[in-house]
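In: I would like the atomic coordinates for the input below:
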Amino acid sequence: MAFFQHKRQLLGLAASVCLTAGLLPSAMAQDNTFKIGLIAPLTGPFASTGKQLEAAARLYMAQNGDTVGGKKVQLIVKDDTGVPDVTRRLAQELLVGDKVNVLAGFGLTPLAMATAPVATQAKTPMVVMAAATSVITEASPYIVRTSFTVAQVVTVLGDWATKNNIKRVVTLVTDYAPGIDSEKFFSQRFQNNGGVVIETLRVPLRSPDFAPFLQKVRDAKPDALFTFVPSGQGSVLMKQFTERGLDKAGIRLIAEGSVTDDDILNSMGDAALGVVTAHHYSAAHKSALNKKFVDAFGKANNGMRPNFMGVGAYDGMRVIYEAAKTTKGGTGETLLNAMKGQVFESPRGPMYIDAQTRDVVHNVYVRRVEKMDGQLWNMEIQTVTDVKDIGKTK
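Out: Next comes the predicted model:
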């Protein structure tokens, strides 16, 4: 598979790079600053992801102060433009030049995978706040994830679909690792429950045109289309879904939660009403903590609504801050070990970092798009608690 060939190439390249002693925690400047290097796609096709990550990180700091463990916190933000080679280079610069205590961010799986060998060689914790392929945490023992995995959410959706009169589906996913994971784990669960996958379709990651694929879906006449696209591309998919008349043909749309991303949901219009998704977060989640988070996020960002990327960064900063408190601004494995096993209430609901896998465990919600007070929201209609990732290769 191309993705795994690419992964091996990245690992080989990183192993051949002679990183200087400046990458090692023992060589870090022993000053009174705790440095977080946030790498995110702030420009390019995935800029909306980077915008959410940076906004949430800055909000957490604004609410919790810029001093932790007796040290001044410095957030150093870098734009990788969504290109893996750039991500890796920026990570090296942050480690060698800025001597950061922790790397964070990573808006897409290829970006996280490109950086994993660098974090391992530098013995520096790497907090993945957005990327969602299961294999990521296996790429380095220094990775901690606060986002989610697509395997967690699509298996819940597979169970829901078979209990709600959906027997035949076509799957349509973006052709990169999270999309392939979505296709695989949804199909496995759906078929194990007695459902039938008529056809599997994959769309290019960059500059996608969904129309010809959606015509194939209409011709196949399934009960439902299951789909996954990256955050930000759901609007185009929804527009073309209705333009091709799939809704009028009685084909239901069910999806991994990125498709009805909170950040862009209102721009989809009433065509999105009734779409059912599964995800670990909704801006409509009913808790006092989430209401405070959504209100504060909007106030700090010209009314922008936080999405799952935002909550991943917000919780990632919480994990970093708490570890820094425990270790008094520590580095390396000491800091990493303080991240493992953290249990807390997030705007998404209860969650914890599994001490063995370093992956997130949290609730997964089945949501339906509904209109409330003139706005569209992903309203939670079912909760599955304490969902672990089932997508690990080990």
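In: residue ranges with poor pLDDT in the stretch 151-300 of the chain?
Out: Under the criterion pLDDT under 70, no range of the stretch 151-300 of the chain is flagged.
In: for residue 105, grab the count of nearby residues.
Out: Counted with other C-beta atoms under 10 Å, the neighbours of residue 105 add up to 35. All C-beta spots, glycine's among them, are computed from the backbone N, C-alpha and C.
In: contacting residues around it?
Out: Neighbour list for residue 105: 38, 39, 40, 50, 53, 127, 128, 129, 130, 313 [criterion: C-beta atoms under 8 Å, 6 or more residues apart in numbering].
In: may I see the ChimeraX selection of the buried members of those?
Out: This is the ChimeraX syntax for the buried subset of those, where burial follows 16 or more other C-beta atoms under 10 Å:
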select :38,39,40,50,53,127,128,129,130,313
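In: so which of the contacts of residue 105 are in helices?
Out: By the criterion of DSSP state H, membership of those in helices covers 50, 53, 313.
In: dump those into TSV; add distance to residue 263 and pLDDT as well.
Out: Formatted as TSV, those follow (distance: C-beta to C-beta, whole Å; pLDDT from 0 to 100):
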residue	distance to residue 263	pLDDT
50	12	95
53	12	98
313	13	98
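In: ok, residue 359 to residue 236 distance?
Out: Using C-beta to C-beta, to the nearest Å, residue 359 is found at 31 Å from residue 236.
In: brain fart, residue 306
Out: Residue 306 sits 22 Å away from residue 236, going by C-beta to C-beta.
In: more neighbours, the two?
Out: Neighbour tally, residue 306 and residue 236, criterion other C-beta under 10 Å: the higher count belongs to residue 306, 25 against 15.
In: SS state for the more buried one?
Out: Assigned with DSSP: H, G, I helix; E, B strand; the rest coil, residue 306 falls in the coil class.
In: now name the helix or strand holding the closest residue to residue 313 other than its chain neighbours.
Out: In space, and not counting its chain neighbours, residue 313 is closest to residue 56: 3.8 Å by C-beta to C-beta, 6 or more residues apart in numbering. Assigned by DSSP states H and E, residue 56 belongs to helix 47-64.
In: helix or strand next in line after that helix, which one?
Out: strand 67-68.
In: packing partners of that next one?
Out: helix 308-327 (3 or more C-beta pairs under 8 Å, 6 or more residues apart in numbering; DSSP states H and E).
In: how far is the helix it packs on from where the chain is centred?
Out: From the chain centre to the centre of helix 308-327 is a distance of 14 Å (C-alpha atoms, centre = their mean, to the nearest Å).
In: tell me which residues of the following helix or strand past it come out buried.
Out: For helix 308-327, the following helix or strand on the C-terminal side (DSSP H and E) is helix 332-339. The neighbour-count check on helix 332-339 (16+ other C-beta under 10 Å) flags 332, 335, 336, 338, 339 as buried.
In: can you give me every residue that contacts the third one?
Out: Read that as residue 336. Contact analysis of residue 336 by C-beta under 8 Å, 6+ apart lists 125, 142, 144, 323.
In: try 10 Å
Out: Counting by C-beta atoms under 10 Å, 6 or more residues apart in numbering, residue 336 makes contact with 102, 119, 123-127, 141-144, 323, 327, 330, 358.
In: and what of the fourth one?
Out: Under the criterion of C-beta under 10 Å, 6+ apart, the contact partners of residue 338 comprise 69, 125, 319, 320, 322, 323, 324, 325, 326, 327, 330.
In: please apply the same query to the last one.
Out: The contact partners of residue 339, by C-beta under 10 Å, 6+ apart, come to 102, 125, 127, 142, 144, 146, 316, 319-320, 322-324, 326-327, 353, 355, 358.
In: out of those residues, which are buried?
Out: 102, 125, 127, 142, 144, 146, 316, 319-320, 322-324, 326-327, 353, 358.
In: is residue 282 located within a strand, as I assumed?
Out: No - according to three-state DSSP, residue 282 belongs to no strand; its state is coil.
In: helices of this structure, start to end?
Out: Under DSSP H, the chain gives helices at 2-16, 47-64, 84-96, 109-122, 150-162, 177-192, 211-220, 234-243, 288-300, 308-327, 332-339.
In: you'd agree residue 117 is up against residue 141?
Out: No - if you go by C-beta atoms under 10 Å, residue 117 and residue 141 don't touch, sitting 11.4 Å apart.
In: next step: the contacts of residue 336 restricted to strands.
Out: 102, 126, 127, 143, 144 (DSSP state E).
In: what two of those residues are the furthest from one another?
Out: 102 and 143 (11.2 Å; C-beta to C-beta).
In: who touches both of these two?
Out: With contacts taken as C-beta under 10 Å, 6+ apart, the residues that reach both residue 102 and residue 143 are 119, 125, 126, 127, 336.
In: surely the first one touches residue 126?
Out: Same thing as residue 119. Yes - assessed by C-beta under 10 Å, residue 119 is found in contact with residue 126 at 4.0 Å.
In: hang on, the earlier thing: which of the contacts of residue 338 sits closest to residue 90?
Out: Scanning the contacts of residue 338 for proximity to residue 90, where the rule is C-beta to C-beta, the winner is residue 125, at 16.4 Å.
In: pull the contacting residues for the closest one.
Out: Applying C-beta under 10 Å, 6+ apart, we find residue 125 in contact with 25, 100-104, 119, 140, 142-144, 319-320, 323, 330-340, 358.
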